[in-house]
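In: Return a 3D structure for these sequence lines:
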Amino acid sequence: MQMALATLLGIFTGLFLGEWCAVLTPWADAYVMILKITAIPYLAVAIVHGLAILSRPQAIQILKKGFIFIALALGINICIIYLIRFSFPLAEGHQQMGYVARQLPTLNFAELLIPENIFYALANNVIPAVVVFSLLIGIALMHLADKAPTMSTLQTLLDSLTKVTSWIGRITPFGTFIIMAKQVGTVQFSTIKQMSTYIILFAIGCCLVVFWIAPRLVSMLSSIKAYEWIKNLIPILVLAFTTNLVIICLPYIINIVQNELQRLYPKDENARNQIQGTVSIVFNLPLGSIFLAAFVFFAATFYSIHLSLQGQFQLFLTLFLTSLGAVGIGSAITILSFISDTLSLPIEAIDLFLTAVPFTAGFQSMVSAMLISSLALLITLAGRGLLRLQWPKLLLQSAFTVVPVLLVFAGIKSAAILPSVKNLSKSITELEIASDTQTLLHTKAETIAPRERGAEQDLLKALLQSKTLRVGYDAHSPPFCFYNKNKQLAGYDIAYAYQLAFDLGCTKIEFIPITHQKLGEELSAGLYDIAMSAISISEERLKQMSFPSPYLEAKVVFVSKDRNRKKFASLEDVKTNRSIRIGALVDTAYQEIAYQEFSGHEIILLQSYEEFDQDPSRADLLIWEEQEAIAWAAAHPQYIVIPQPQLGKEMLGYPIKEGENSFLSYLETWLTLKDNDGFKQRQYNLWILGQTSEVAPLEPRWSIVQNVLHWVD
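Out: From the prediction side, this is the model:
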């Protein structure tokens, strides 16, 4: 009742105060930190105690019999997760463009699993290493003859940690109120609507496991009826749902399983120790936390990011390893942060997850409680040879269990009743650059007459006098220069162009298309004053034009088909395989890199990057700079950016006509000023990182206090 009241009050407070609930953020963060106080200590002590209390034959028996049931439970959960993913509506939002580099996931299993320094693992929440260390200590204690004093100490410590956890559980209603008020008050209603698709499917999937699949599995293999098993576990399920802390359910789970075995087999007096050890081991497995994969699939759909089969395998493997012993929402956030980095999901995915947590954490906890109870019972029965294996009946009941589940998700998918999944944040292609400067966009350079000025007049004075700036552009250079959805020029370099015109006092700016192969000639002829479209600085270009200091260092990367992810992951492998054809844009620094680094390969020179896509048989991989490559790959999902070749960095600059020393000096100092006043960082965040919320914020949050009562503006 307290949890229900806290949830309702939190929702009402969020609706009433709206964005004013943001002041609760520090308190919500503090509550999450409190939940993590006993997580790792309890984890370590529970594992050590649970194993040490067993005899060696009991441990071997649990290992042999438990493996099948644990694998079965994980398999059931993974199947439900894929059914949830199958039921997601198609995404309608824009694809990621410049948000993240699609780096190869890297996971050092040795560092994750080997407790080289257990104190470092404890201090840095390296949970799998803590689990491995605890397992080793527990197994060692299991083999000791005189361990009674140690077991007494461990039991006392375990009871103390359980007591502290129960104290923390008492403030759960307050924490729930704070989180609900903060989330409901600050999240956009449109976001809740979008998240409702995930929340509904998540709840359906979890409820099917808790109230249909797991009880029927127990019923198939024992004499316990499915409805009886649910009835016995209702108090535990309610406790898990309301507190979201499965830890405090463990003593009750042990008690119920022991009572059930005592009722069924009253002469078996040796079950107590085995049940406690089994529960301690099973508790540390990712039975419920594996459902975090469902959120990762939703986040990938929400942000229009493709997860390959390899990426999905990496997801479940990473999730399994990092979720060993995971306790509470704090651990879930840590795990999700790690997975987001591994699979290159946007960091904003964590905010989405926190929006859904108040609605999903209870269901996930119920899954954990149900499966821990069911597995402890079945493993104990299996260890004593008490399972009922009637294969014809077992197969028939399995079919009767599976078919309704498939029908539920098929019906949801075919009925299309769920809200669409759409990322409402604007992409950079939807942005416009606001400026009072008169703009003239030329599409053909042949019709442009060179700038007229006196023979002795330098370019800077001509600009100050004419009040017109001519900028050379290439609209095929996103995110630096491209056409937005309204066919207007936009991008990082175009923003710099408008700012340069404003600071020069120019009232008019003309954009003139450039020809990369004739860049030096066009600048010398005065066709345009400056080129601003991701122009790379090369030794050859330095002979024909002048550059101020580079405004950006860009990493040189590979671009290739997704299927070649492993083949091109190593620079040495690419250099060794002479059959690989290397593509590079003609008359660029990439052409020079291709000939220098891959002298024994066939070099394919491209007139445009679209040639790489239109005729993929010509080149196997493309050399490019990272930011442009990311933006291009976003529009061509079958390609990926491979950031591992380590071919150095490319310098990008704004070239002008050679000999214009006054203008060159002005640009040198001007670029420094733009860096110092934060303009450069703001443009990088906007166009390169895609952080569009600052310039295109969502509508203000609706609230009762503002929109109904009108107490505040």
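In: how near is L418 to I199?
Out: For L418, the distance to I199 (C-beta to C-beta, to the nearest Å) stands at 10 Å. All C-beta spots, glycine's among them, are computed from the backbone N, C-alpha and C.
In: shared neighbours of these two, which are they?
Out: Counting by C-beta atoms under 8 Å, 6 or more residues apart in numbering, no residue touches both L418 and I199.
In: got the residue ranges for the helices in the stretch 1-150 of the chain?
Out: 2-17, 25-35, 39-52, 56-87, 109-113, 118-123, 127-142, 148-170 (DSSP state H, counting those that start in this stretch).
In: could those helices go into TSV alongside distance to G472, mean pLDDT and mean neighbour count?
Out: As requested, those are exported to TSV (distance: least, C-beta to C-beta, whole Å; pLDDT from 0 to 100; neighbours: other C-beta atoms under 10 Å):
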stretch	distance to G472	mean pLDDT	mean neighbour count
helix 2-17	52	84	18
helix 25-35	47	79	16
helix 39-52	58	78	23
helix 56-87	47	87	17
helix 109-113	49	71	13
helix 118-123	54	82	14
helix 127-142	54	85	20
helix 148-170	63	84	15
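In: closest to S308 out of the ones you listed?
Out: S308 lies closest to helix 56-87 among the helices of the stretch 1-150 of the chain, at 14.0 Å (C-beta to C-beta).
In: Report the angle between that closest one and helix 127-142.
Out: 160 degrees (axes from the mean of the first three to the mean of the last three C-alpha atoms, to 10 degrees).
In: how about low-confidence regions in the stretch 451-600 of the chain?
Out: Applying pLDDT under 70 to the stretch 451-600 of the chain picks out residues 454-456, 565.
In: show me the contacts for G288.
Out: V246, Q364, S365, M366, V367, S368, L371.
In: brain fart, L381
Out: L221, S222, L261, L387.
In: Compute the number of surrounding residues for the first one.
Out: The one in question is L221. Look at L221: counted by other C-beta atoms under 10 Å, it has 21 neighbours.
In: Quick check: which element contains the closest residue to it other than its chain neighbours?
Out: Once flanking residues are discounted, L221 sits nearest to L387: 5.0 Å by C-beta to C-beta, 6 or more residues apart in numbering. Assigned by DSSP states H and E, L387 belongs to no helix or strand.
In: And L387, how far from F119?
Out: 43 Å.
In: So E228 lies in a strand, does it not?
Out: No: counting by DSSP: H, G, I helix; E, B strand; the rest coil, E228 falls outside a strand, being helix.
In: what about it, how many neighbours?
Out: Neighbours around E228, by other C-beta under 10 Å: 14.
In: repeat for A631
Out: For A631, using other C-beta under 10 Å, the count is 25.
In: Next: T401.
Out: 19.
In: check which helix or strand covers the closest residue to it other than its chain neighbours.
Out: In this structure, T401 finds its nearest non-sequential neighbour in R216, 4.8 Å apart by C-beta to C-beta, 6+ apart. If you go by DSSP H and E, R216 is part of helix 214-221.
In: Equivalent analysis for I623, please.
Out: strand 621-625.
In: After that strand, which helix or strand is next?
Out: Remark: after strand 621-625, the chain's next helix or strand is helix 626-635, criterion DSSP H and E.
In: Please identify the one among the contacts of L381 that lies nearest to G169.
Out: Taking those together and measuring to G169 by C-beta to C-beta, the closest member is L261, at 27.3 Å.
In: what about that closest one, how many neighbours?
Out: Using other C-beta under 10 Å, L261 is surrounded by 21 other residues.
In: phi, psi of it?
Out: phi -70, psi -40 (degrees, to the nearest 10).
In: hang on, isn't it packed against Q274?
Out: No: taking C-beta atoms under 8 Å as the definition, L261 is not a contact partner of Q274, at 9.5 Å.
In: Spit out the residues that contact those two alike.
Out: By C-beta under 8 Å, 6+ apart, L261 and Q274 have these common neighbours: T380.
In: ok, the residue nearest to T401 touching L394?
Out: No: the pair R216 / L394 is not scored as a contact, 10.9 Å apart, by C-beta under 8 Å.
In: export the contacts of G288 to CSV and tack on secondary structure, pLDDT and neighbour count?
Out: CSV is the format used below for the contacts of G288 (DSSP: H, G, I helix; E, B strand; the rest coil; pLDDT from 0 to 100; neighbours: other C-beta atoms under 10 Å):
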residue, secondary structure, pLDDT, neighbour count
V246, helix, 80, 25
Q364, helix, 90, 27
S365, helix, 89, 25
M366, helix, 92, 27
V367, helix, 94, 27
S368, helix, 92, 25
L371, helix, 94, 25
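In: where do the helices sit along the stretch 401-550 of the chain?
Out: Taking DSSP H, counting those that start in this stretch as the criterion, the stretch 401-550 of the chain carries its helices at 459-466, 492-504, 519-524, 539-542.
In: partners of the closest residue to L523 other than its chain neighbours in the sheet?
Out: Leaving aside its chain neighbours, L523 sits nearest to K657 (4.6 Å; criterion: C-beta to C-beta, 6+ apart). For K657, the beta-bridge partners are M545 (DSSP bridges).
In: how far away is K657 from L158?
Out: When distance is defined by C-beta to C-beta, K657 is 78 Å away from L158.
In: picking up where we left off before, tell me which of the helices of the stretch 401-550 of the chain is the most buried.
Out: Among the helices of the stretch 401-550 of the chain, helix 492-504 has the highest mean neighbour count (mean count of other C-beta atoms under 10 Å), at a mean of 22.
In: which strands and helices sit next to it?
Out: strand 468-473, strand 481-483, strand 508-513, helix 661-676, helix 679-683 (3 or more C-beta pairs under 8 Å, 6 or more residues apart in numbering; DSSP states H and E).
In: Using CSV, please lay out the ones you listed together with distance to E602.
Out: Putting the helices and strands packed on helix 492-504 into CSV (distance: least, C-beta to C-beta, whole Å) gives the following:
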stretch, distance to E602
strand 468-473, 32
strand 481-483, 31
strand 508-513, 31
helix 661-676, 39
helix 679-683, 38
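In: wait, doesn't F547 sit right on I537?
Out: Yes: look at F547 against I537 with C-beta under 8 Å: they come within range, at 5.4 Å.
In: any residues in contact with both of the two?
Out: Contacts common to F547 and I537, judged by C-beta under 8 Å, 6+ apart, are G653, P655.
In: between the two, which one's more packed in?
Out: F547 (21 against 18).
In: That's all I had, so thanks and see you.
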